[in-house]
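J.: Kindly return the folded structure for what I paste below:
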Amino acid sequence: QLQLVMSGGGLVQSGGTLRLSCAVSGDTLDRYAIGWFRQVPGKNREGLGCMSATGHTYYKASVKGRLTISRDNAKNTLNLQMNNLTPEDTAVYYCAADRVRVDDDCPFFEYWGQGTQVTVSS
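T.: Predicted structure coming up:
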């Protein structure tokens, strides 16, 4: 069973950048699809970007070009680089992993990080 521990997050000014990381243990990451999600109070969790084990990547249209997901299988970590942040990006962010297929959307993931708050001030 995978365990995902997130780091990063915090407060950033509008237009700033932030990098979130997720350390994975319990298995080797190279066999898993990965994903990044966020949730604001009162709304459903939304998928920002997902990457299959073979590297096929999907991004939500509204964040494409500003957010970049990556993985380092040797270190068993996944990352989310966020640029040009706006107050609308304020949310709790989650990483996820599972042995699933990634096509034209983020699939359901079984394993999740604990979540980290990102707050963007105007």
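J.: Where does the closest residue to Q81 other than its chain neighbours fall, secondary structure wise?
T.: Distance criterion CB to CB, 6 or more residues apart in numbering; nearest residue to Q81, sequence neighbours excluded, is T68 at 4.4 Å. From N, CA and C alone the C-beta is placed, and that goes for glycine too. Following DSSP states H and E, one finds T68 within strand 67-72.
J.: could you say what helices and strands that strand packs with?
T.: strand 33-39, strand 46-51, strand 57-59, strand 77-82 (3 or more CB pairs under 8 Å, 6 or more residues apart in numbering; DSSP states H and E).
J.: and the angle for it with strand 77-82?
T.: 160 degrees (axes from the mean of the first three to the mean of the last three CA atoms, to 10 degrees).
J.: Identify all contacting residues around strand 67-72.
T.: 29, 34-36, 48-51, 57, 59, 77-83 (CB atoms under 8 Å, 6 or more residues apart in numbering).
J.: Please apply the same query to stretch 11-20.
T.: Contact partners of stretch 11-20, identified using CB under 8 Å, 6+ apart, comprise 6-10, 36, 79-87, 93, 95, 116, 118-122.
J.: got the CA positions of that stretch in PDB?
T.: In PDB, the C-alpha atoms belonging to stretch 11-20 read as follows (Å, rounded to 0.1, in the frame of the first residue of the first chain):
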ATOM      1  CA  LEU A  11       1.100  31.800   1.300                       C
ATOM      2  CA  VAL A  12       2.200  33.400  -2.000                       C
ATOM      3  CA  GLN A  13       1.500  36.700  -3.600                       C
ATOM      4  CA  SER A  14      -0.500  37.000  -6.800                       C
ATOM      5  CA  GLY A  15       1.800  36.400  -9.800                       C
ATOM      6  CA  GLY A  16       4.200  34.300  -7.700                       C
ATOM      7  CA  THR A  17       5.300  30.700  -8.000                       C
ATOM      8  CA  LEU A  18       5.100  27.700  -5.800                       C
ATOM      9  CA  ARG A  19       6.300  24.100  -5.900                       C
ATOM     10  CA  LEU A  20       4.500  21.200  -4.200                       C
END
